[in-house]
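[1] Fold the following, please.
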Amino acid sequence: MNPRLYFMSGTLAVLCIGVLGLFVAIEIREQRENRSSSPCVFVQQVLSLSQQIKIGMKRSEVEKHFVSDGGLQFPGRWRYTHPRCSYIKLDIEFKPAPDRGRDLISTNDTVKSISKLYIEYPVTD
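    Next up, the predicted model:
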C-alpha cells in the first residue's frame, strides 16, 4: 500500500472520530440544558416542598405552601394542591387542636400523617 494513501486514510479516520466526538459532546450539553429548564425542575421543587411538611406542624404552616382542594373534605383528613398546579396533590391527616371548640377545623390543628404526592384531576365544588 502506498504510504501516502495509508497516512491519508489514518488522518481521515482520526478526523471522523473527532467530529463524532464533537457531536456527542454537543448533544450531551443540550440534554443538560434542557433538563435544567424542563418540567422535572418544577416537580423536584414541589417534591422538596412537600418533604418540608413534618408531623406536628400546624395547619397554618401547611397552608403557606399548599392550598385546599375543592370538593367534599373531612376535618381529620384534608386534601391540598400545589398553588401553581392543581393536579399535584397531597393528603394530610390532622389532630384536632384543643382550642378548636365547635369549629370543624382550626389553623392550630397539627399534622398527624402525610401522604406521598400524587397526580389527579382537580376537584371542584
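
[2] all contacts plus neighbour counts: C-alpha atoms, from now on.
    Fine.

[3] What strand or helix carries the residue nearest the centre of the chain?
    Note on the chain: the residue nearest the mean C-alpha position is Val43, at 1.8 Å, using C-alpha atoms, centre = their mean. According to DSSP states H and E, Val43 maps onto helix 39-50.

[4] Extract the C-alpha set from that helix and format it as CSV.
    Taking C-alpha atoms only, helix 39-50 is exported to CSV below (Å, rounded to 0.1, in the frame of the first residue of the first chain):
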residue,chain,number,x,y,z
PRO,A,39,-40.9,20.3,34.0
CYS,A,40,-38.7,18.0,36.0
VAL,A,41,-37.2,21.0,37.8
PHE,A,42,-40.7,22.1,38.9
VAL,A,43,-41.6,18.6,40.1
GLN,A,44,-38.4,18.4,42.0
GLN,A,45,-39.2,21.8,43.7
VAL,A,46,-42.7,20.6,44.7
LEU,A,47,-41.3,17.3,46.0
SER,A,48,-38.8,19.2,48.1
LEU,A,49,-41.5,21.5,49.4
SER,A,50,-43.8,18.6,50.3
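
[5] Quick one: mean pLDDT for that helix?
    Averaging pLDDT along helix 39-50 yields 90.

[6] immediately after that helix, which helix or strand?
    Heading C-terminal from helix 39-50 (DSSP H and E), you reach helix 59-62.
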